[in-house]
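> Sequence and predicted structure are below.
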Amino acid sequence: MPVSVNEAALPHVEELSVRADELGVLVEDVGGATLIDAGLNARGGYQAGLIITRICLGGLGDAELTAMKIGEVTLPAIAVSTDQPAVATLASQLAGWRINVGGFRAIGSGPARALALKPKRVYEEIGYRDAADVAVIVLEADTKPSVDALSFISERCGVDMENLYAILVPTNSVAGLVQISGRVVETGIHKLEGLGLNPTRILHGFGVAPIAPLHRSSEVCMGRSNDAILYGGITHYVIEGEDEELMGLAAKAPSSTSKDYGRPFHQIYQEAGKDFYRIDPGLFAPAQISITNPETGSVYTSGGVNEEILLRSFGIKAV
């Protein structure tokens, strides 16, 4: 039987609850479901963001705080690793469920997607499905979910409300910015999948990305957090295949291959009329991607960190 991402994530959810005061999160019952607020009416922080990143990965990966030098500035960063990359990232971490119930809007990610099959094609491609009786979802939203919204999620997942755990992380919160940068490995896998690679051939994944500075505006934080990966994310994958194919994938995968590359994401977003669908999908990739062939030992790397755009996006000024 495959590992249940919902059951594997549950110990991390319990850690958030048990350490709620220390981690700056608020835990409450909403219609029977457990809601953990990590940044809306709660302070949250780096440690909560790390735990939420592990939850997003379905308990099948790790996340640690580190540091990254951008120009002359050293910034906090997150390092993520997984030895079950297809399931941890695409079946769990991918922000693949858009929720709109009674005015509550959120982007859903995490293990619950593997119960609701959002989107179904991902699970068919990698041959994975969860059958747990508990559901764990991470909601990127600026408002608190209603009972109706949580009931909708539990129904789609096929679990009782009492077995639903929802973690709320607004984009303009420290925990939210941490867990978004923690998607650096997933972003690269999603790009490689779009280039025709079957993600089940990826044996291991590692990545590091800076954590964007906090801003009160959700839209500014959205731009900065995208830039953290697009212009600052560094990834490494171990992938089965022929050298020629892997070399070609590495060359095409970084964000710098996109026609929209070269400006802060907030600017790109505004120029696109705030319509994500008008932005080149090829832009959504780490700044640098390296691929190792485990048979030949060959390593192919392409792309690089763009310090100038990161400093501009993050509003960093020398004084």
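That came through fine. What you are looking at is a predicted structure, and each value in this text was computed from that prediction instead of being measured.
> so where do the helices sit in the stretch 51-200 of the chain?
85, 113-116, 120-126, 147-157, 174-181, 184-194 (DSSP state H, counting those that start in this stretch).
> Report the buried residues of the third one.
Residues Val122, Tyr123, Ile126 are the ones in helix 120-126 that count as buried (16 or more other C-beta atoms under 10 Å). C-beta coordinates here come from the backbone N, C-alpha and C atoms, glycine included.
> For it, which helices and strands make contact with it?
Counting contacts by 3 or more C-beta pairs under 8 Å, 6 or more residues apart in numbering; DSSP states H and E, helix 120-126 is packed against no other helix or strand.
> got it, and the fifth one?
Counting contacts by 3+ C-beta pairs under 8 Å, 6+ apart, helix 174-181 is packed against helix 46-56, strand 73-82, helix 218-230.
> quick one: low-confidence ranges for the protein?
Within the chain, the stretches with pLDDT under 70 are 1.
> Looks to me like Ile36 is in a strand.
Yes. Counting by DSSP: H, G, I helix; E, B strand; the rest coil, Ile36 is part of a strand.
> so what's it up against?
Val13, Leu16, Ser17, Ala20, Val25, Leu26, Val27, Tyr165, Ala166, Ile167, Leu168 (C-beta atoms under 8 Å, 6 or more residues apart in numbering).
> what's the closest of those residues to Gly110?
Nearest to Gly110, judged by C-beta to C-beta, of those is Ile167 at 7.5 Å.
> Tell me if I'm right that the closest one and Ala141 touch.
No. Contact between Ile167 and Ala141 fails when scored by C-beta atoms under 8 Å: they sit 10.7 Å apart.
> In terms of packing, which of these two has more residues around it?
Per other C-beta atoms under 10 Å, whichever of Ile167 and Ala141 has more neighbours is Ile167, with 29 against 22.
> got a list of what that one touches?
Contacts of Ile167 (C-beta under 8 Å, 6+ apart): Val13, Leu16, Ile36, Ala38, Ile52, Ile55, Gly110, Val136, Ile137, Val138, Leu139.
> Using a markdown table, lay out those residues together with distance to Gln288.
Putting those into a markdown table (distance: C-beta to C-beta, whole Å) gives the following:
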| residue | distance to Gln288 |
| --- | --- |
| Val13 | 33 |
| Leu16 | 32 |
| Ile36 | 34 |
| Ala38 | 29 |
| Ile52 | 25 |
| Ile55 | 26 |
| Gly110 | 26 |
| Val136 | 31 |
| Ile137 | 31 |
| Val138 | 26 |
| Leu139 | 30 |
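> What's the PyMOL syntax to select whichever of the residues you listed are buried?
Buried residues within the contacts of Ile167, by 16+ other C-beta under 10 Å, are selected in PyMOL with:
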select buried, resi 13+16+36+38+52+55+110+136+137+138+139
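> what's the neighbour count on the nearest residue to Arg98 once chain neighbours are set aside?
Distances taken as C-beta to C-beta, 6 or more residues apart in numbering place Ile107 nearest to Arg98, at 6.1 Å, with adjacent residues excluded. Neighbour count of Ile107, defined by other C-beta under 10 Å: 14.
> How about Gly103?
9.
> among the helices and strands packed on helix 174-181, which is the most enclosed?
helix 46-56 (a mean of 26; mean count of other C-beta atoms under 10 Å).
> Any chance you could give me it in PDB, C-alpha atoms only?
Extracted C-alpha coordinates of helix 46-56, given in PDB (Å, rounded to 0.1, in the frame of the first residue of the first chain):
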ATOM      1  CA  TYR A  46       9.400  31.000  10.700                       C
ATOM      2  CA  GLN A  47       9.000  27.900  12.700                       C
ATOM      3  CA  ALA A  48       5.300  27.600  12.000                       C
ATOM      4  CA  GLY A  49       6.100  28.100   8.300                       C
ATOM      5  CA  LEU A  50       8.600  25.200   8.400                       C
ATOM      6  CA  ILE A  51       6.100  22.800   9.900                       C
ATOM      7  CA  ILE A  52       3.500  23.900   7.400                       C
ATOM      8  CA  THR A  53       5.900  23.200   4.600                       C
ATOM      9  CA  ARG A  54       6.400  19.700   5.900                       C
ATOM     10  CA  ILE A  55       2.600  19.400   6.000                       C
ATOM     11  CA  CYS A  56       2.300  20.600   2.400                       C
END
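> Quick one: residues in contact with that helix.
9, 12-13, 15-16, 22-25, 38-39, 61-65, 76, 78, 80, 92-93, 109-111, 136, 138, 167, 169, 174-179, 182-183, 211.
> Could you rerun that using 7 Å?
9, 12-13, 15-16, 23-25, 38, 61-65, 76, 78, 80, 92-93, 109-110, 136, 138, 167, 169, 174-175, 178-179, 182 (C-beta atoms under 7 Å, 6 or more residues apart in numbering).
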